[in-house]
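Asks: Sequence and predicted model, in that order:
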Amino acid sequence: MVGEAVRFTVNGVPQPAGSKKGFVNPKTGRVMITDAAKNSRPWKAMVTTAARDAMDGQEVYTGPLRLFIEFYFTHPKAHYGTGRNAEKLKPSAPEWPAVKPDVDKLSRAIMDACTGVVWRDDAQVVQKIVEKRYGAWARAEVYVTPASPVNLFPIERLDSRRI
């Protein structure tokens, strides 16, 4: 899939990947790694299904990739008025969902679910842009494209005198 991009939407409330926990199985002596977030499994399954459908039988990406994810959450009921204003957002309603879950754990769930479907290994992602927004319905919009020096998001150094 050189030069092509894949885009897909996952409808539903985005769930974060939990912290990884490791332990030694006393019977086998092997190290076991588990994901602490119980709600992440169904969400990851939905992401995998949407990604597989978007790939439409294409082989997984093998080179460096750019990843852009927009997570949409619905406004909580407290952001709306009451009575005849129940359908209107209050002027004090925040524009951005600056509350948990954080974008790192949300994006980790997407990246874990896309491994082996969109890319071989999530280490191939060399640039990741993630946003949380409010929207009409809860979902995640995912866009993956091969990375090239031309399409990398420009990041300026804080202090160009240092190396």
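Replies: Arrived safely, thanks for sending.
Asks: Report all helices and strands that the biggest helix by length in the chain contacts.
Replies: For the chain, the helix with the greatest residue count under DSSP state H is helix 40-55. The contact analysis (3 or more C-beta pairs under 8 Å, 6 or more residues apart in numbering; DSSP states H and E) places helix 40-55 against strand 6-11, helix 103-114, strand 139-146. Every residue, glycine included, has its C-beta placed from N, CA and C.
Asks: tell me the angle of that helix relative to strand 6-11?
Replies: Relative orientation of helix 40-55 and strand 6-11, computed by axes from the mean of the first three to the mean of the last three C-alpha atoms, to 10 degrees: 140 degrees.
Asks: Any chance of the helices and strands packed on helix 40-55 in TSV with mean pLDDT and mean neighbour count as columns?
Replies: What follows is the helices and strands packed on helix 40-55, written out as TSV (pLDDT from 0 to 100; neighbours: other C-beta atoms under 10 Å):
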stretch	mean pLDDT	mean neighbour count
strand 6-11	97	16
helix 103-114	96	21
strand 139-146	96	20
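Asks: tell me, what residue is most central in the protein?
Replies: Ser107 (3.0 Å; C-alpha atoms, centre = their mean).
Asks: Name the nearest residue to it, sequence neighbours excluded.
Replies: Nearest-residue entry for Ser107: Val130, 4.7 Å, with adjacent residues in sequence omitted and distances by C-beta to C-beta, 6 or more residues apart in numbering.
Asks: Does that neighbour belong to a helix, a strand or coil?
Replies: Three-state call for Val130 (DSSP: H, G, I helix; E, B strand; the rest coil): strand.
Asks: What's the separation between Lys132 and Val103?
Replies: Using C-beta to C-beta, to the nearest Å, Lys132 is found at 6 Å from Val103.
Asks: Residues in contact with both of these two, list them for me.
Replies: Phe71 (C-beta atoms under 8 Å, 6 or more residues apart in numbering).
Asks: Okay, Val103 and Tyr80: tell me how far apart.
Replies: Counting by C-beta to C-beta, the gap from Val103 to Tyr80 is 25 Å.
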